[in-house]
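Participant: Mind folding the following:
(chains A and B)
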2 protein chains.
Amino acid sequence: MEFTILRVDMTSGECRFEPLPGEYTGLGGRGLTSSIVAAEVEPSCSPLGPRNKLVFAPGLLGGANCANVNRISVGCKSPLTGGIKESNAGGVPGGQLAALGINAVVIEGLAAEGRWHMLEIGKGHARLVPSVAHGLNNYDVVSRLAGEYGKSCGYISIGRAGEYRLAASSIAFTDQDARPARHAGRGGAGAVMGAKGLKAIIVNPEGSSPLPVSDAKAFDKTAGCFAAILKGNPASGKSLADYGTAALINIVNEAGGLPTRNFRHGRFKGHESLSGETLHRLTRKRGGRVARGCMPGCVIQCSGTFLDRGGRYVSKWPELETIWAFGPNAGIDDLDMVARYDRLCDDVGVDTIDVGSALSLLMEAGVLPFGYAGAALKLVEEISAGTAMGRVLGSGAAITGKVFGLRRVPAVKGQSLSAFDPRAIKGQGVTYATTPMGADHTAGFAVAANLLNVGGRVDPLGKDGQIALSRRMQIAAAAMDSIGLCLFAGLAVLDNPETQSCVADMLNAKFGLTLGAEDIAELGKKVLRVELDFNRRAGFTEAADRLPDFFSDEEIAPHAAKFDIAAQDLDSVLNV
Amino acid sequence: MEFTILRVDMTSGECRFEPLPGEYTGLGGRGLTSSIVAAEVEPSCSPLGPRNKLVFAPGLLGGANCANVNRISVGCKSPLTGGIKESNAGGVPGGQLAALGINAVVIEGLAAEGRWHMLEIGKGHARLVPSVAHGLNNYDVVSRLAGEYGKSCGYISIGRAGEYRLAASSIAFTDQDARPARHAGRGGAGAVMGAKGLKAIIVNPEGSSPLPVSDAKAFDKTAGCFAAILKGNPASGKSLADYGTAALINIVNEAGGLPTRNFRHGRFKGHESLSGETLHRLTRKRGGRVARGCMPGCVIQCSGTFLDRGGRYVSKWPELETIWAFGPNAGIDDLDMVARYDRLCDDVGVDTIDVGSALSLLMEAGVLPFGYAGAALKLVEEISAGTAMGRVLGSGAAITGKVFGLRRVPAVKGQSLSAFDPRAIKGQGVTYATTPMGADHTAGFAVAANLLNVGGRVDPLGKDGQIALSRRMQIAAAAMDSIGLCLFAGLAVLDNPETQSCVADMLNAKFGLTLGAEDIAELGKKVLRVELDFNRRAGFTEAADRLPDFFSDEEIAPHAAKFDIAAQDLDSVLNV
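Facilitator: Numbers count the residues shown, from 1 in each chain, chains lettered A, B, ... in the order given. Coordinates of the predicted model:
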């Protein structure tokens, strides 16, 4: 089976298709982006300089006719963490690239200062053209480009935050309604795209033909079985569709692990106003759509549409982390305001987690009081305006904390923690501390076994089992991100031994392989090793695998919990 | 001989004199601050948190009756670099503390949130009192305190930048005219003092008696010899008094190593307007003072007073680095504006180097044009006002570069380079890259042998000899900073084999020792080892000992020089 890589040299303007070099064989998604970055990017380089590369890669099963495998990975040296970064998103471009037979797009070099380009990709051809969209934010970018290229194309773009090269800027991917609402949010990949002078990528799916499958019959059978399992699981089959990822708000709050007012408390009084149930109710009442997939082929459908009181589209359903960031952690209990925040962030192109966390820090610094949603939104609007305050905010929590002289800054490796307090959900704390990605809950979603009894059961407040849990989850995440599976499909897999073989069976049927579940784990380990090696060469040591000391010093209510996992245990997590 | 340490617990309010613990015997200045920080501060702690300590220590010869030994060292974990920090300053408090028999003041813990204190230190007593000066900048602080405590006291204080805990904030020490014009500028020690809730220290010298000297006769003889050598050296005996440290402007410019417009060029057209000669001429014309010591006992006298056209005091003579930072590197050729910049920085309490470098970055980002001195001063005024822009600027070059999405950011370990381009003065480049202090030219002043033929002669543009030169200079600096010697006395020492024994002889006569020159070098090595070990535990690896890649990628005119010292050679510098 042929694998193809598209290299785009922003310095010379050349676009070149080439066979995927042999050493990348068998890799997709995160496995491919991380391998390319680790092999081709000098770990010491400036993330915004000519030596960094920006890599897009659909997963190994991307474009295949099965459920929930069309995530797209973005990789680079992160301007936020200074380490390797993979961030993935839903949307349509991932599956489209795969269907065009493109396994990776690698953006290299830098365009001439002040020049903006767009990359057109179609069946067998690609070229750089002058940008017609710079200066615009994502919704206007897509509206402008869809007018020119049509609604069937997929669009990948940055807003003004990426143009400003802010360290928390995201890359937007259009969803099934041609809206730029799916984002590779974490780690500032948008700033790398902006530094390269690339405003947008247009993916034209015309001429795509079904991808080759080694054993089509076996594939279809296993894919059907996989979809049935996803639909049969109570989370992926029902509650995620009904309540979105916000289904977790009440669960995490009940566990005392919902960080409130910059991680001062573990429960938020106004949680009901922000819950999945409220999201569902408001959506029904206003005529919004419940149950919509963020990408083609999705059977989980956790991404509804959020309408305002007048029935006008505001945003896709805000994710749990977005609700947390602009909600409890900022002392805000208004879902309408959260949705406006989500829209603003998607539009200007920033990570809702890091920017939300930065807002809470501004509240802690006294710039505005906790709970003032209107004032907070005005600050977010400053990102687009490019004011000093806007740029600080768009640089994320760690920079904001530094600029405002704060010491309680919830970040690891320069990246903000998210909706799960590491003291009350300790497996998650272990992941925050040790993942090569900087504090990223998705890189090892220990919440599963800590709170959801998925993939095992580990007391969230105890020390026992957290290391092994985080390790297992980090290996699984690295594998799922390489295959293109969404996290929730991944949870259903973990919840069901039968599904685990399904995933291996699909890979076997597609590529003519004979993988077992242990090979999937080995893939995850391999990806982690590549990432850890890059970070080591970039200067990371075990000292970077620590939570800020206030998590060990300050108890969090209601469980009076501290983060008390020993440093030496943290150092053993990723001996994989 | 008894050594005494004053411990001040900001949490409990307790002040306690104790004998210097045995393991710190034989150490003073930087050797003492670095040893205390390395032994007592967890390398992983938040620099602004309760676990960091702020240490003040006069040098080993502090308070002695000899020339140029009254520097005071400040140590802590740096909020700017995340590593260990020693920054030293002239002024009167260093000698006063020594004369009071205090070898180190260690500030521990944190005051209650929002509470500001002052520390009164006198003969045999010390106490914390409520601050009457918070909210004020340094000149007003000292004016207020001098009104209360008298002009014979020494004052150590922070301006509003330190109150805001900005990462480039300095600590001010009053000079011989009771002005807060001598600063421990680098590395953000002012932010640590601010975080601890300590606004000022008042040192009352009443009751000080001459310090014990083991062999007074030998000491006086050697001290006389030492002073004579300083006076006989052409630099320390004349040109520094006539032209200040600005004496170097024309020399560095001629060498093509004066970084201009954010390190784009190596020579500045307007250098004559900023030279030591111009500084001297303007000072004479306006009736300012030429030849004044920054500290008692100084025979070099490089710190004149700068008056405005109306004959009013503006600042002490701006140092070379300040002139560079607000001059060539910002495209500004107006010494009056530089002096106003110096005054503003001293007043609000920030490092003129890091903030000047940040201003040049704002110019590179297009926030204001290069050369616009008035607009630049307005931005500096925003630091005191606490606007977002002011806070960014006061956080220094690395943060400013990040917030404004720049890739040509001249910083190592988060701290800005200064007035010597590493491509045209390569020994200095080696020091910037490798010193545990972050890019700090004083930590190993290779300019001496690269440009001044002091302490040897090494072609500044070649590769040969730079590693050994930087190593030698770093060892010498660590020793001098521990003894309390000023850098220029140190250069005279390096220039004259006879002087080297003088320094050892003074230590011998004072403490009853039998040190030789090699023991002085051993002291320097010991201090460096302690600092490197702290940084290693804080997570620094050789990857942090690199210049930003643009110094290797971009040539600098007029010599078309790049920084081309091999990484493996850099890694060998501090095997000491």
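
Participant: okay, CA-based contacts and neighbour counts for the rest of this
Facilitator: OK.

Participant: quick check: domain ranges of chain A?
Facilitator: The record's domain parsing of chain A by automatic domain parsing lists A:4-203, A:249-419.

Participant: Would you mind listing what in the stretch 1-150 of chain A touches chain B?
Facilitator: A:44-49 (Cα under 8 Å from any Cα of the partner chain).

Participant: which stretch among the domains of chain A comes nearest B:Ser501?
Facilitator: Of all the domains of chain A, domain A:4-203 sits nearest to B:Ser501, with 42.9 Å by Cα to Cα.

Participant: what distance separates the start and the end of that closest one?
Facilitator: 16 Å (Cα to Cα, to the nearest Å).

Participant: again with stretch A:556-564
Facilitator: End-to-end span of stretch A:556-564 (Cα to Cα): 12 Å.

Participant: Show me what from the stretch 301-450 of chain A comes close to chain B.
Facilitator: So the stretch 301-450 of chain A meets chain B at A:388-389, A:391-392, A:395, A:399, A:402-407 (Cα under 8 Å from any Cα).

Participant: Would you map the strands across the stretch 301-450 of chain A?
Facilitator: Residue ranges of the strands in the stretch 301-450 of chain A, as given by DSSP state E, counting those that start in this stretch, are A:305-307, A:313-316, A:411-412, A:415-416.

Participant: Now these in CSV, please, with extra columns for mean neighbour count and mean pLDDT.
Facilitator: As requested, the strands of the stretch 301-450 of chain A are exported to CSV (neighbours: other Cα atoms under 10 Å in any protein chain shown; pLDDT from 0 to 100):
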stretch, mean neighbour count, mean pLDDT
strand A:305-307, 24, 98
strand A:313-316, 20, 98
strand A:411-412, 25, 98
strand A:415-416, 28, 98
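
Participant: Quick check: residues of the stretch 451-576 of chain A near chain B?
Facilitator: Neighbours of chain B within the stretch 451-576 of chain A, by Cα under 8 Å from any Cα: A:537-544, A:548-549.

Participant: and with 10 Å instead?
Facilitator: When proximity is defined as Cα under 10 Å from any Cα of the partner chain, the stretch 451-576 of chain A approaches chain B at A:536-550.

Participant: most neighbours, which of these?
Facilitator: For these, counting by other Cα atoms under 10 Å in any protein chain shown, the largest number of neighbours falls to A:Leu547: 25 neighbours.

Participant: Report the separation between the closest residue to that one other than its chain neighbours and chain B.
Facilitator: Nearest non-adjacent residue to A:Leu547, counting by Cα to Cα, 6 or more residues apart in numbering or on different chains: A:Ala433, 5.5 Å away. Look at A:Ala433 and chain B: by Cα to the nearest Cα, to the nearest Å, they are 13 Å apart.

Participant: Could you do A:Gly83 as well?
Facilitator: Distance from A:Gly83 to chain B, by Cα to the nearest Cα: 12 Å.

Participant: try A:Ala246
Facilitator: 32 Å.

Participant: Measure how buried that residue is and give me the count.
Facilitator: Counted with other Cα under 10 Å, A:Ala246 comes out at 27.

Participant: again with the one 4 residues further on
Facilitator: A count of neighbours around A:Asn250, defined by other Cα under 10 Å, yields 19.

Participant: so which residue of the stretch 101-250 of chain A comes closest to chain B?
Facilitator: Nearest residue of the stretch 101-250 of chain A to chain B (Cα to the nearest Cα) works out as A:Arg165 at 4.6 Å.

Participant: So for that residue, what's the nearest residue that isn't a sequence neighbour?
Facilitator: Distances taken as Cα to Cα, 6+ apart place A:Ala191 nearest to A:Arg165, at 3.8 Å, with adjacent residues excluded.

Participant: how about the one you found, what does it touch?
Facilitator: Residues near A:Ala191 by Cα atoms under 10 Å, 6 or more residues apart in numbering or on different chains: A:47-48, A:78-80, A:158-171, A:197, A:349-350, A:395, B:405.

Participant: Among those residues, name the ones in strands.
Facilitator: Mapping the contacts of A:Ala191 onto strands (DSSP state E) picks out A:Ile171.

Participant: Filter the contacts of A:Ala191 down to just the ones in helices.
Facilitator: Applying DSSP state H to those, the entries found in helices are A:160-163.

Participant: Which phi and psi values does the closest residue to chain B within the stretch 351-500 of chain A adopt?
Facilitator: Residue of the stretch 351-500 of chain A nearest chain B, by Cα to the nearest Cα: A:Gly405 (4.6 Å). In terms of degrees, to the nearest 10, the main-chain angles of A:Gly405 are phi 60, psi 40.
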